[in-house]
Structures are given as C-alpha cells and as structure tokens.
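S.K.: Sequence first, predicted model second:
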Amino acid sequence: MTNPAPASDREIASRLDSIVQSLGVPDGPGGAVIFIKDGKAIYKGAVGYADVEHKTPITPATNFRLASCTKQFTAAAVLCLIDDGKLKLDTPLNDCFPGLPSYTHGILIRHLLTHTSGLPDYEDHLPAGITVPLKDADVLAILAGQSQLYFPPGTQYRYSNSAYALLSLIVEKYSGQRFPDFLHTRIFHPLGMNNTVAYEPGISAVSNRAYGYSPAAGGYTRTDQSLTSAVLGDGGVYSSVEDLAKWDAALYDSKILRPETQRLAFTTTILPDGHDIHYGFGWRVDSYRDHAFVGHGGDTIGFRTHIERYPADHFSVILLSNRNDIDPHAFLRRIVDAVLFDGR
C-alpha cells in the first residue's frame, strides 16, 4: 500500500475554506484564519461581521483583541531587556518593586514568565464598587494589599494574569518607555506590524477594529470591554492575522531576540518535582499527534483567539474570532487535521 500524495496548496485551501465558513453565523460575528506554510500564506479566510450593527465585514486585515495571546509579546518585551543586559531571569520581583510586602519575597522574573510565581489572581480581589476599568498599575496596588501566595515560588504552576500585568510594569521601569511604546519600538514597527497596538482608550486607536460579541436571545449582543480589559500586559494587544503572520516569520529568523534567548521562550519548564508544565515564556510547549508545537490561546469577553506554530513542519495556524461561543482550540485541531493528516 502506498501513502497518499501530499495535498496541494489548492486542495488545502479548499479544505480550510469549508472549515472557516463554520466560524460565522448569519448576520453576526465570525473570525479570520491564516495558514502559513514554509513562510507563505497558503490560505487567508474571513467570515462574519467585525461590527454587526454596521454590517462591516471581517477581512484578514481586521484587528481583534488578542486576549492572552498578548502574553507572547509581553514575554518578548521582557526578553528584549534581558538581551539588553537590563534584566536577568533571576532578578527578584522585590528588586523591581521594593514596596511589595514580604509575602512576595522569592519571586523571580522567570516565575512570572512561567506562571509559577504563586501570585494571587487580581481578578479575585477587585475593589468593591469599581466602575472604572483597571490598568496594570492598579494590579500592582491590588497585589500590594494581599498577604500570601498560593504556593512557594517555582514549586507549582497556576496560570497568572497578575504576573503578566506586573511584567508590563517591569518593562516600563527598566526600559524607560511606556509599555505600548516599547512594544511598538522594539517589536511592532521593526516587523512592519503597522496595525498592531496595545490599545489604550483615549490614547490610541484600533484601525479596522472588530468588536466582541456574546450570544443573546435572537442573536448576538456586543460585549466588547470589561473592567479588566484595559490591563495591557495580560491581554491588551489588538492585531490581525496578516500582522501576526509577520510575527510568525520573525520567530524563525530571530529578528527580535538573540537565537539563544528566543529558544528559552520555547523551552518547557520542569518543576523541582519533575513535573513538566508544558509552558515556556509566553508560549505553551506541547505536541499534537506526535508533532511538536508552541502556541497560545486567548479567552476574554467577546473574543476567542488561538495561535499554533509547528516549527519542525514549518507551518502555523492563527485564528482570531469576535464571538465568545466557540472553542478555538478545537477549531484549530480541525485545521491541523485537514493540513497534516488529510482530514483524518
């Protein structure tokens, strides 16, 4: 028995088009997908409305809130400062913020990057009666008012938006630039990601913007922002599949970081008890059907996003959606199955 011939680019695009169409709903939100093989965008597809009320179609240039896919940029910004000699992975958090209480002693930069700090979740300690969206500095203030960690630093894994909010403030302190400006100067502008921005209402704007939606009786209702949407380090970047393809290409060429530093971001973390947490610095590190990948998902009010890169196979898939009733992880699995395994 002979193995079937690899699918042509046209066949792959046809398969993906049928999958992507299921991302949309009649007269509602949807999403955009790009499939990149050997540095070439084999497929770009979009369906649904970026602005349902005004019937603005989603295109591959539409910018979505990345949610936690932002964390790879926050981590990269920190690693830029490590390359610059301004930070070390073992720099203590208390060196960065000496005013933090003693319960934070022992936390290092690497613990923040790998979700092994044990910091309390700031979302669980929002001030009573809050009506104004939090910013990253507010997260620091919330943590300063807590009294204990979930576990000793470096001993366990617990996903931490708090840690990535602090990392954005650390970038500001050690670079001398505002976090959005540092991302623009060191990452977005050099890569030609001209429509990607760490969004600050009243300060910056998002061109070709998608608004987030949630299911409601008879259709979808706009649920675009929450009280934590203005926190930048853990989820505040907006981008498009077209801009993210430039980011993907840069990760092969080490355009932003030194090769040895970049490899650290894609290296999984092993806890002292031998447990593999399948997380590097801003990236999940795992495999699917024996194919190694690095990736990350994003989940926030009105948006679902997911990025997966298969470096050995030299392909990547990026999904951005402005509806929060899909499973982006499962959706990407359908795409990977269609590409790598002929739909099997």
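M.R.: Thanks, I have the structure now.
S.K.: drop to CA atoms for contacts and neighbour counts, all remaining ones
M.R.: OK.
S.K.: and the closest residue to residue 80 other than its chain neighbours, what does it touch?
M.R.: Closest residue to residue 80 in three dimensions, ignoring its sequence neighbours and counting by Cα to Cα, 6 or more residues apart in numbering: residue 257, at 6.2 Å. For residue 257, the contacting residues are 76, 79, 80, 83, by Cα atoms under 8 Å, 6 or more residues apart in numbering.
S.K.: do residue 55 as well
M.R.: Neighbour list for residue 55: 27, 49 [criterion: Cα under 8 Å, 6+ apart].
S.K.: And it, how far from residue 48?
M.R.: Distance, residue 55 to residue 48, using Cα to Cα, to the nearest Å: 9 Å.
S.K.: Mind listing the shared neighbours of the two?
M.R.: Residues touching both residue 55 and residue 48 (Cα under 8 Å, 6+ apart): residue 27.
S.K.: The longest strand that the chain contains pairs with which strands?
M.R.: Taking DSSP state E as the criterion, the chain has its longest strand at strand 291-300. Strand 291-300 has the following strand partners under DSSP bridges: strand 284-288 (antiparallel), strand 303-310 (antiparallel).
S.K.: buried ones in the first one?
M.R.: Translated: strand 284-288. Buried positions in strand 284-288, judged by neighbour count with 16 or more other Cα atoms under 10 Å: 284, 285, 286.
S.K.: Residues contacting the lengthiest helix in the chain, please?
M.R.: Counting residues, the longest helix in the chain under DSSP state H turns out to be helix 161-175. Applying Cα under 8 Å, 6+ apart, the contact partners of helix 161-175 are 71, 74-75, 77-78, 81, 86-87, 96, 112-113, 115, 117, 119-122, 136-137, 139-140, 177-179, 182, 231-234.
S.K.: buried sites along the helix or strand just after that helix?
M.R.: Counting by DSSP states H and E, the next helix or strand C-terminal to helix 161-175 is helix 179-183. Taking 16+ other Cα under 10 Å as the neighbour-count basis, helix 179-183 is seen to contain the buried residues 179, 180, 182, 183.
S.K.: Please produce TSV containing the residues you listed, extended by pLDDT and distance to residue 312.
M.R.: Listed next are those as TSV, based on pLDDT from 0 to 100; distance: Cα to Cα, whole Å:
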residue	pLDDT	distance to residue 312
179	98	33
180	98	32
182	98	31
183	98	28
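S.K.: And these, which is closest to residue 242?
M.R.: residue 183 (17.7 Å; Cα to Cα).
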